[in-house]
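Student: A predicted structure for the sequence below; I have some questions about it.
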Amino acid sequence: MPDPVLETERLILRRVGEDDVDAHDRILNTPTMMKHLGGVMERHEIEKRHAKSMALFARDGFSFLFLIEKATGELVGYCGIKWVDNEHAPNQGDHEVGWLIREDRWRRGYAEEAMRAVLDWAFGRVGARHVVALTSHPNIGSWKLMEKLGMERREDLDFVDPSYPEADSPTIQYSLTKEQWETVKCTGPA
């Protein structure tokens, strides 16, 4: 199993490994979970995503991580940091954060718990000055968490990605600066 990178009260956040494709496909690649993320991926797409994540971590020291539930040892999601690399985005090269929690673990606070650790990592060891998160208007749970984490809606960064269904277009963005995060951490959720 790849090394842990971060830890929270209930979760271990570890690097993606070469042997994780089957678990990712079986547990996280469901129609419900992928509804606002472009749909269920083919196995080769998951393999490509994992290779990219491992290469990013090796090169830059950050990427998306798998969330392992301490109580059960089970994979319950992924989250992390990457570069905005969508060719349609006006802010390519920004630090992008994101998450996905498996359906049977929704509404347990895992996404918020994990993302608080990721934001500390982003603004600490990674050295990001600001981060963005991407979603769509219909993905209400996603943007509500962005707001809870203190992120601000950035309509100036919205863009259309023709590979996404019309229902999830445009891609909308939220952003958070290191200074905003320090304030949110000190005063609690926005």
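Tutor: Everything's here; your move.

Student: what residues are up against the residue most central in space within the chain?
Tutor: Compute the mean C-alpha point of the chain, and by Cα atoms, centre = their mean the closest residue is residue 98, 1.7 Å away. Listed by Cβ atoms under 8 Å, 6 or more residues apart in numbering, the contact partners of residue 98 are 64, 79, 80, 82, 133, 134. Every residue, glycine included, has its C-beta placed from N, CA and C.

Student: how does it look with 6 Å?
Tutor: For residue 98, the contact set (Cβ atoms under 6 Å, 6 or more residues apart in numbering) comprises residue 133.

Student: then residue 135?
Tutor: By Cβ under 6 Å, 6+ apart, residue 135 lies in contact with 142, 143, 172.

Student: give the buried residues for the least confident helix or strand in the chain by mean pLDDT.
Tutor: Using mean pLDDT, DSSP states H and E, the weakest-scoring helix or strand in the chain turns out to be helix 21-23, at a mean of 74. Using 16 or more other Cβ atoms under 10 Å as the test for burial, helix 21-23 gives residue 21.

Student: packing partners of it?
Tutor: Packing partners of helix 21-23 (3 or more Cβ pairs under 6 Å, 6 or more residues apart in numbering; DSSP states H and E): none among the helices and strands.

Student: tell me how far it lies from the chain's centre.
Tutor: What separates the centre of helix 21-23 from the centre of its chain is 18 Å, taken as Cα atoms, centre = their mean, to the nearest Å.

Student: cool, and stretch 144-162?
Tutor: Per Cα atoms, centre = their mean, the centroid offset for stretch 144-162 relative to its chain is 13 Å.

Student: related to what we said a few turns ago, which residues touch the least confident helix or strand of the chain?
Tutor: Counting by Cβ under 6 Å, 6+ apart, 46, 47, 75 sit against helix 21-23.

Student: before we move on, back to that, would you mind checking the contacts of residue 135 for buried ones?
Tutor: 142, 143, 172.

Student: next one: the biggest helix by length in the chain to chain centre, how far?
Tutor: For the chain, the helix that runs over the most residues, judged by DSSP state H, is helix 43-60. How far helix 43-60 lies from its chain's middle: 14 Å, per Cα atoms, centre = their mean.

Student: buried residues in that helix?
Tutor: Quick answer for helix 43-60 (16+ other Cβ under 10 Å): 46, 47, 49, 50, 53, 54, 56, 57.

Student: tell me the pLDDT of the third one.
Tutor: Looking at residue 49, its pLDDT reads 85.
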